[in-house]
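Peer 1: One predicted model, sequence on top.
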Amino acid sequence: MRRMHSPRGGGKDGGAPGSVRFVTFGCKANQYDTQVLREALGRRGLEETGPGADLVVVNTCTVTAEAGRKARQLMRRIGRETPQARIAVTGCLAESEPEILREIPNVEWVLGNGEAKRPVNFLRQIGQDVGPEELGIPAGITEFAGHRRAFLKIQDGCDKRCAFCIIPHVRGRSTSRPAEELAAEVERLVASGHVEIVLCGIHIGHWGLDIGSTFSALLRRLAEIEALGPDGLPVEWRLRVSSIEATEVDEEMVSLMAARPDRLAPHLHMPMQSGADPVLKAMNRWYTVAEYLDACHRIRARLDRPAFTADILVGFPGETDADFERTLTTAEAAGFTKIHVFPFSARPGTPAAEMGSRVPPDVSRERRAALSEAASGWEEDFRRELNGARDRVVLEGFVGLSGRYQRVAIHPEDLSGPPPDAIDVTLHGVLETTADGREVTRLRGRPVALSAVEEASP
């Protein structure tokens, strides 16, 4: 499973590359893995550039057929436009179809996942000498270039076997990183200027099962860190849980989120996949609609206006019109503020690929459009409910992401200088008319400190 595929041969000119380009497809875990390789090659003096680089590292995804098609298309284009480039392919597509990738012009290395992505192994495979100093470098990353938010991959792999998912076959079993290693990485990332750390992985709710611990225990350990910023002074920073199964959000985790809203973003992404029990059973999911909704109600009862987001798959084999209507009803009852809707994509090697009763593509597209439209309405309702709420916004310029996973704009006139990394605000909904005549609510943030002064004025 976690194998390394050998290169076809040496580089086109036999020399070491002097510039590198990174292209990443897929999930947050992949983006994190790319940063690990970016730092490893950066330490070797390779300059990161755009098109025209000597070495192109393509970190691939195979969760859908479309993701794989786009990756192969990009590699072929690189070969046509930059014939001297040498391509190193890693990630899930490199695990699932290595022989196909080796036939693409300019692909020199097909390296897969797991051990292949460890910097030492990756460097050796592409012909770099590895000295003792490389072996002593701390695991993980030191920064997430160009962003105030940084991803932190806490585990890899998955022990579940959802009928539609190829990921367990290309990522292997769930493997947890040590808590103290992760704590040290959090401190490094905050010291580099990141004020939000997003915990990611393949199945993060299973962190700790292989090492005798729990995800909630890790969350508590990380939340206790009082990190120092780039200037060596204490800094306010927060954690965000990127994706976790609703049934794995236990009471300890909810209690921690309720007690530390300053440190834990009130947002949970909880994949639902379907809101109909027959479809969930066919998908080999391990919960019922009632259990999923019970988790949502339990969490919402303890937190102040939390944001729930989810993934939903439409057009799964055997999904009837009635099943889809139940999904709409369930999604509304869950109170989602945003939904990522995906049409079913058969992946060779998964049980779902062999199932009959396929939903016609035009029906899947109609269902996707209907669910997306409904979700837009629910997101609009949520923005209006946030009027007057307080939140912390991590800024990139004068626009940023709130703890409740909403885009919030700050008026430059409300700041006395350049925008800070993050700021506490009171949210205000502003109605705007779009180009097609629709009225939508945009969130504006009024700095809490400014609001307090105004409230105190006679």
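Peer 2: That came through, no problem. Source: prediction; values computed, not measured.
Peer 1: Assign a three-state SS to residue 140, would you?
Peer 2: Counting by DSSP: H, G, I helix; E, B strand; the rest coil, the backbone at residue 140 sits in coil.
Peer 1: phi, psi of it?
Peer 2: phi 100, psi -150 (degrees, to the nearest 10).
Peer 1: and what of residue 423?
Peer 2: Main-chain dihedrals, residue 423, degrees, to the nearest 10: phi -150, psi 140.
Peer 1: who touches it in this structure?
Peer 2: Residue 423 is in contact with 392-393, 395, 400, 410, 445, 447, counting by Cβ atoms under 8 Å, 6 or more residues apart in numbering. In this view, the C-beta of every residue, glycine as well, is placed from N, C-alpha and C.
Peer 1: likewise residue 177?
Peer 2: Residue 177 is in contact with 139-140, 153-155, counting by Cβ under 8 Å, 6+ apart.
Peer 1: mind checking how far it is from residue 90?
Peer 2: From residue 177 across to residue 90, the span is 19 Å (Cβ to Cβ, to the nearest Å).
Peer 1: Please apply the same query to residue 286.
Peer 2: Residue 286 is 30 Å from residue 90, where distance means Cβ to Cβ.
Peer 1: From residue 164, how far out is residue 355?
Peer 2: Residue 355 is 9 Å from residue 164, by Cβ to Cβ.
Peer 1: Settle it for me: which of these two has more neighbours?
Peer 2: Set residue 355 next to residue 164 and count neighbours by other Cβ atoms under 10 Å: residue 164 wins out with 24 against 16.
Peer 1: which residues touch the more buried one?
Peer 2: Here residue 164 is in contact with 283, 313, 316, 344, 347, 350, 352 (criterion: Cβ under 8 Å, 6+ apart).
Peer 1: for residue 434, same thing?
Peer 2: For residue 434, the contacting residues are residue 440, by Cβ under 8 Å, 6+ apart.
Peer 1: and what of residue 99?
Peer 2: Per Cβ under 8 Å, 6+ apart, neighbours of residue 99: none.
Peer 1: Show the average pLDDT along the helix or strand where it lies.
Peer 2: Following DSSP states H and E, one finds residue 99 within helix 98-102. Mean pLDDT, taken over the full extent of helix 98-102, equals 94.
Peer 1: Same question for whichever helix or strand comes after that helix: list its buried residues.
Peer 2: Going down the chain from helix 98-102, the next helix or strand is strand 107-112, by DSSP H and E. Residues of strand 107-112 classed as buried by neighbour count (16 or more other Cβ atoms under 10 Å): 107-112.
Peer 1: Widest-spaced pair of the residues you listed?
Peer 2: Between any two of these, the greatest separation by Cβ to Cβ is 14.3 Å, found for 108 and 112.
Peer 1: If you rank every helix and strand of this structure by mean pLDDT, what lands last?
Peer 2: Across the helices and strands of the chain, mean confidence by mean pLDDT, DSSP states H and E is lowest for helix 448-456: a mean of 63.
Peer 1: Relative to the whole chain's centre, how far out is the host helix or strand of residue 265?
Peer 2: Using DSSP H and E, residue 265 falls within strand 264-269. On the basis of Cα atoms, centre = their mean, to the nearest Å, strand 264-269 sits 13 Å off its chain's mean C-alpha point.
Peer 1: Sheet-wise, list the partners of that strand with their directions.
Peer 2: Applying DSSP bridges, strand 264-269 is found paired with strand 238-241 (parallel), strand 307-314 (parallel).
Peer 1: quick one, which of residue 286 and residue 90 is more surrounded?
Peer 2: Higher neighbour count among residue 286 and residue 90: residue 90, with 27 against 13, using other Cβ under 10 Å.
Peer 1: rewinding a little: between the contacts of residue 164, which is closest to residue 97?
Peer 2: Among the contacts of residue 164, residue 347 lies closest to residue 97 (Cβ to Cβ), at 11.0 Å.
Peer 1: Flag the shaky bits of the stretch 51-200 of the chain, pLDDT-wise.
Peer 2: Along the stretch 51-200 of the chain, segments meeting pLDDT under 70 span 132-136.
Peer 1: Helices of that one, start to end?
Peer 2: Assigned helices in the stretch 51-200 of the chain, in chain order: 65-81, 92-96, 98-102, 119-125, 132-135, 167-171, 179-191 (criterion: DSSP state H, counting those that start in this stretch).
Peer 1: And the third one, what's buried?
Peer 2: Going back to what we said before, that points to helix 98-102. Applying 16+ other Cβ under 10 Å to helix 98-102 flags 98, 101-102 as buried.
Peer 1: now, among these, which is nearest to residue 321?
Peer 2: Nearest member of the buried residues of helix 98-102 to residue 321, counting by Cβ to Cβ, is residue 101, at 39.7 Å.
Peer 1: State the phi and psi torsions of residue 47.
Peer 2: Residue 47 adopts backbone torsions of phi -90, psi 130, taken as degrees, to the nearest 10.
Peer 1: wait, it sits on residue 38?
Peer 2: No - with contact defined as Cβ atoms under 8 Å, residue 47 and residue 38 do not form a contacting pair (11.6 Å).
Peer 1: Those two: which is more packed in?
Peer 2: residue 38 (20 against 12).
Peer 1: Could you report the neighbour count for residue 356?
Peer 2: Going by other Cβ under 10 Å, the residues that sit close to residue 356 add up to 6.
Peer 1: Pull the contacting residues for the nearest residue to it once chain neighbours are set aside.
Peer 2: Spatial nearest neighbour of residue 356, excluding adjacent residues (Cβ to Cβ, 6 or more residues apart in numbering): residue 317 at 6.7 Å. Shown in contact with residue 317 (Cβ under 8 Å, 6+ apart): 282, 344, 352, 355-359.
Peer 1: If any of those residues are buried, put those into a PyMOL selection.
Peer 2: Provided next is the PyMOL selection string for whichever of the contacts of residue 317 are buried by 16+ other Cβ under 10 Å:
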select buried, resi 282+344+352+355+359
